[in-house]
Structure formats: structure tokens, C-alpha cells
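# model the structure of this input:
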Amino acid sequence: MATEDKNRATAAAILPLVGGAANVSSVVHCMTRLRLGLRDRSLVQDEALKAVPAVMGVVEDDTYQIVLGPGTVARVTPEFEKLVKEGQESAPAPDPAATPLTAEELAAQGAEMKAARKAKNATPFKLFLRKIANIFVPLIPALIGCGIIAGLNGLLVNLEWLPSVTPALAAMASGFMALIAVFVGYNTAKEFGGTPILGGAVAAIIVFPGVANIEAFGQKLSPGQGGVLGALGAAVLAVYVEKWCRRWVPEALDVLVTPTLTVLVSGLVTIFGLMYVAGEVSTAIGTFADWLLSNGGAGAGLVLGGFFLPLVMLGLHQALIPIHTTLIEQQGYTVLLPILAMAGAGQVGAAIAVFFRLPRNESIRRTIKSALPAGFLGVGEPLIYGVSLPLGRPFITACVGGAFGGAFVGFFNQLGDAVGSTAIGPSGWALFPLLDGNHGLGATIAIYAGGLVVGYLAGFVATYFFGFSKDLLAEFNVSQEPAASTVAATGPATVGAGPETPAKEPAGV
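Okay, the predicted model is just below:
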């Protein structure tokens, strides 16, 4: 089957299982997940969806998220959007008034929807973090592409190969980062409800070379001062100025006055305030990251690597995206990402241990075998949601593996061997092409690879010896595959369970 046909077939298999085109209100995707806005969550067939071969798992949050993996999700999403559009054009959404519901049923349905929304824990802080993620996640493909080119260019320069080509590669690698503030401003205005191009216009002031002739707080400004944090703040300010203008400026003058005042007011505040303040904050972030790993070393790595998986589960890892981007702007790489990537190594080690500890449970073993390749490449959702989290203890022991791997990399940072990544997004083995450091590529790769090995081993040992109680083994190490309804298996791993298999609650810690 051709790749395009395969992607369309996957989209066609998913659509009816989420309630059809009429039930889909929005479609977006991130690095690994198809994120759907749904009108009626009760129409989704979860178990059938998990059994679709290309589906690695599902996650419920403010959107319904279907894990397809990197690469696949970017190809399936356009096909899914086409099918949704075709379906909605041919069959409009059903009229709720035509559905014969009693008052009691309608009230119960409303109460259920309200309770479900509360269960999402959509706090203002988490909603703010999601906005931040929506600003930076679209930039990740460019960061990855430019980061790999930068790594290739550095290798060629060190080997003194192709001297006529390396300047061109340097321009390709650096061009995006030189203007990243503009893209951040554009996405910020779009996310906060303003005109995107006005957000980009205000953020462009930050990287304009002419700001070097301007003084603020008794100091000459420098192009790029404040970086992505300044661009984010400038664009948010532009949105509020624009909204104020839309409210008070007469319609006849709106097209002239609103854009002008938006750029003028927010631009002046950016030049004579935000650039300086954001610059100081950005410098402080870089200084703190260096200090943390230079002085905290193994201890800092232990904490960062050990607690990253829980941060991901809570959605709080999104707060790190601007920090990573700021470090890449300042130093050329982020020293935090390779340490945080050790959480994935601990997850892989834990999954391998579960495989050996449950020799009779073919359902979980099939899940692990199908999800491990993605796990080695840094895609951890199938193993997290399909194996360790439902089992309970193995999730904790996976965090232990990540802590030991992080401590290993942090220890070498304390010795002066910085290990960084020139982009954000990938982890695991996929991070190797993006590695950079201060003591040569060979040493950087060796330290990162050593951290992965330590993470694998620590996650395996901790899970094998401490990841299962006697009750947990008795419950899951059985040949009838009773865990299939508990463990969100990848692909066909859920098919083996019969309809009469009793559902089990996730095991306690």
C-alpha cells in the first residue's frame, strides 16, 4: 500500500471511532499526537481506537489526544482533516433539538459533561502553560532541522572538510535562530487572540540592528536583547493594546488607527522597558542553569531526571520550553534537555524489566515489544500509558532510572563537560544528531550515551527487584491476558482480550 493510501486508511479508521466528522470540532497535532476537539466525548470508542494498528495509545486532556508517533502524525493529520471536511460538508451536524431526550436525561448529560470538564483540572495555570506550549511547539521542526544542520556544520569545520560549503551551512543553521523572536511574536498574538502579524511586527523590533543606537536605563541596547521572552511579552502587550483599540476606536478609523497605535505603544514599551527587563531575566536563566549544574552536578541531575516524568504527566513540563529556547539562543544549546531525556531511558529499562517479570502475560509483552522501538527513539507515551502508569510501581521505578541517568550526565557537567542539545523535541537515540558541548563532539556523545545506559540499567534493576509486589505479580502474571482492559496496549495488543474479561483497576503503589 502506498504511503499516502496508508495514512488515509489510518485517518479513515480513526474518524468513525471518535464519533464521525460531525463530532469533531477542531483538529491539530503536536510532535506525536493527533489532538481533537470533540462535541460529545461519549461517542468515542476507546478500546476499538486503541486496537487500530497505527494508534500507540490515547490520552484525555482538554483535547482528546491520539498517540501516533513522530512522522506518522504529521502525515495522518492532513488526511484526517480532509475526511472531516468532506464528512461535515456532506452531512451537517445533527440538530440537538431533534434528539428525543427527557429533561432528566438532558440534566444528567449536562452534569456528566460538567463533571468531566472539572476532572480535566483545567486550572488557569495549566491553561496558561498550554498557551505557552502552543506558541513554541510549532517552532520545533525548524529548531530540529537547523540544529542538525548546525551539528553537521560543526563536524565539517572540526574535520576541515568542505570549507567552501560550511559558511552556507552556518547561514542555514543560524538564520532561523536570528529571527526566532519574530515567529514567537506571531504565534503569541495568534494564541492570545490578537492579529498575528502585529505581534510579529512588534517582536521584530527586538532583532532589528538599529536598536543598537538606542539607550535604555543608561545602557545601549543590543539586537536580540531579551530574546524569546521579550518577544513573548511584547506580543502579549500588543494583543491587549489592539483589543483596547478595537473597543474604543471608531470603525471608520479602525483600519488606520488600531495597527498604528498597537505597534507604536507596544513598540515603545518594548524598546524602553521590556528588552532590558527580559534581557536581564534571560541572562539570569542562563547563569542559573550553569550554576545549577556546575555546583549541583549529580544531585541536580538526579532531581531533574527523576521528576521529569511526573512533570510530563501533570503537563507542567511545558513551562520548560521557553527556558530551553532561551538557553539555545544564548549558548547555542540547552544543557537541561539531555538530562531530562534520561527519564525516557528509565522508562525503557522499566519496560524491559516488566517484560521479563510477566512472562505469562502475552498482552503486556506484545505492548512492550511493539512500543520499545519508539521508546528507544524518545517517544515514551506508549510505554507510559500502556505499561508503567497502569501498573503503578513500575512508573515510580522508571523515575528512579531517569534519576540515575540524570545524575550521571549532571556529574560530568559538574566536572566541566557540558552536554547540550541544539534543539528541543527529540530525546533518546533521536537526540544524538543534535548534541553539542564544550569539549568536542566525541566526548559529548560518549557522556550522553553513558547516561542512557545508566538510565536503562537503573530502570531495569529498580523495576525488576522493586517494581512488583506479590499481589501485583499474582494479578498480572497470568496467561489469560486479563490485563488487556487495564493496559492501553499499542496496536493489536488489546485485541486478545475477550469481551467478558473483567476490567481491573490500576494496581496500587
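# mind naming the longest helix for this structure?
Taking DSSP state H as the criterion, the chain has its longest helix at helix 441-466.
# buried set for the helix or strand just after it?
Using DSSP states H and E, the next helix or strand after helix 441-466 towards the C-terminus is helix 470-476. Neighbour-count burial for helix 470-476, with 16 or more other CB atoms under 10 Å as criterion, is recorded at Leu472, Glu475, Phe476. In short, each C-beta sits where N, CA and C put it, glycine included.
# rewinding a little: same for the longest helix of the chain, what does it pack against?
In this structure, helix 441-466 makes packing contacts with helix 140-159, helix 336-340, helix 342-357, helix 393-414, strand 419-421, strand 435-437, judged by 3 or more CB pairs under 8 Å, 6 or more residues apart in numbering; DSSP states H and E.
# those: which one's closest to Leu383?
The closest of those to Leu383 is helix 342-357. By CB to CB, the value is 4.8 Å.
# could you tell me the angle between the closest one and helix 441-466?
40 degrees (axes from the mean of the first three to the mean of the last three CA atoms, to 10 degrees).
# follow-up on the earlier one: export the helices and strands packed on helix 441-466 to a markdown table and tack on mean neighbour count?
Below are these laid out as a markdown table (neighbours: other CB atoms under 10 Å):
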| stretch | mean neighbour count |
| --- | --- |
| helix 140-159 | 17 |
| helix 336-340 | 27 |
| helix 342-357 | 28 |
| helix 393-414 | 26 |
| strand 419-421 | 28 |
| strand 435-437 | 22 |
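# dump those to TSV, plus mean pLDDT and distance to Val18.
Formatted as TSV, the helices and strands packed on helix 441-466 follow (pLDDT from 0 to 100; distance: least, CB to CB, whole Å):
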stretch	mean pLDDT	distance to Val18
helix 140-159	84	25
helix 336-340	94	32
helix 342-357	94	27
helix 393-414	94	27
strand 419-421	92	35
strand 435-437	88	39
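# tell me the contacts of Leu270?
I think there's a mix-up here, since residue 270 is Thr and not Leu. The neighbourhood of Thr270, defined by CB atoms under 8 Å, 6 or more residues apart in numbering, consists of Val202, Ile205, Ile206, Gly230, Gly233, Ala234, Leu237.
# by neighbour count, which of those wins?
Val202 (35 neighbours; other CB atoms under 10 Å).
# would you mind confirming that it makes contact with Gly185?
Yes. Between Val202 and Gly185 there is a contact at 6.0 Å, judged by CB atoms under 8 Å.
# what touches both of those two?
With CB under 8 Å, 6+ apart as the test, Val202 and Gly185 both reach Ala234, Ala235, Ala238.
# related to what we said a few turns ago, ok, which of the helices and strands packed on helix 441-466 comes nearest Met56?
helix 342-357 (13.2 Å).
# ok and that closest one relative to helix 393-414, angle-wise?
Using the same axes, to 10 degrees, helix 342-357 lies at 140 degrees relative to helix 393-414.
# let me have the buried residues of helix 470-476 in JSON lines, adding distance to Ile328 and pLDDT as columns.
Below are the buried residues of helix 470-476 laid out as JSON lines (distance: CB to CB, whole Å; pLDDT from 0 to 100):
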{"residue": "Leu472", "distance to Ile328": "42", "pLDDT": "85"}
{"residue": "Glu475", "distance to Ile328": "46", "pLDDT": "83"}
{"residue": "Phe476", "distance to Ile328": "43", "pLDDT": "84"}
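# for these, which one is nearest Ala9?
Each of the buried residues of helix 470-476 was scored against Ala9 by CB to CB, and Phe476 proved nearest at 33.4 Å.
# any idea how far Glu381 is from the closest one?
21 Å (CB to CB, to the nearest Å).
# over to Met275?
Distance from Met275 to Glu381, by CB to CB: 39 Å.
# the chain: strands as residue ranges?
24-29, 33-38, 57-60, 64-67, 215-216, 219-220, 419-421, 435-437 (DSSP state E).
# deepest-packed of the ones you listed, please.
Ranked by mean neighbour count under mean count of other CB atoms under 10 Å, these are led by strand 419-421, which reaches a mean of 28.
# elements contacting that strand?
Checking 3+ CB pairs under 8 Å, 6+ apart, strand 419-421 ends up next to helix 336-340, helix 393-414, strand 435-437, helix 441-466.
# quick one: average pLDDT of stretch 243-258?
Stretch 243-258 carries an average pLDDT of 90.
# buried ones in it?
Cys245, Thr258.
# mind listing what Gln88 touches?
Contacts of Gln88 by CB under 8 Å, 6+ apart are Ala21, Ala22, Val24.
# which strand residues bridge the last one?
According to DSSP bridges, the partner residues bridging Val24 are Leu38.
# and it, how far from Leu17?
11 Å.
# where in this structure is pLDDT low?
1-4, 91-123, 314-315, 480-509 (pLDDT under 70).
# ok so, going back, which one of the helices and strands packed on strand 419-421 lies nearest to Gln347?
Using CB to CB, the nearest of the helices and strands packed on strand 419-421 to Gln347 is helix 393-414, at 4.5 Å.
# now find how far off-centre the closest one is within its chain.
Remark: helix 393-414 is offset 20 Å from the chain centroid, using CA atoms, centre = their mean, to the nearest Å.
# helices or strands up against that helix?
Using 3+ CB pairs under 8 Å, 6+ apart: helix 393-414 touches helix 297-314, helix 336-340, helix 342-357, strand 419-421, helix 441-466.
# tell me what angle it forms with helix 297-314.
140 degrees.
# ok so, going back, any chance of TSV for the shared contacts of Val202 and Gly185, columns distance to Ser164?
Listed next are those as TSV, based on distance: CB to CB, whole Å:
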residue	distance to Ser164
Ala234	39
Ala235	39
Ala238	43
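# nearest to Arg366, of those?
For the shared contacts of Val202 and Gly185, the nearest to Arg366 is Ala235 (47.2 Å; CB to CB).
# now do the contacts for that closest one.
Val184, Gly185, Tyr186, Thr188, Ala189, Phe192, Gly194, Gly199, Gly200, Val202, Ala203.
# pretty sure the first one sits against Ala203.
Yes. With contact defined as CB under 8 Å, Val184 counts as touching Ala203 (6.2 Å).
# more neighbours: which of these two?
Per other CB under 10 Å, whichever of Val184 and Ala203 has more neighbours is Ala203, with 32 against 27.
# find the nearest non-adjacent residue to the more buried one, please.
In this structure, Ala203 finds its nearest non-sequential neighbour in Gly185, 2.4 Å apart by CB to CB, 6 or more residues apart in numbering.
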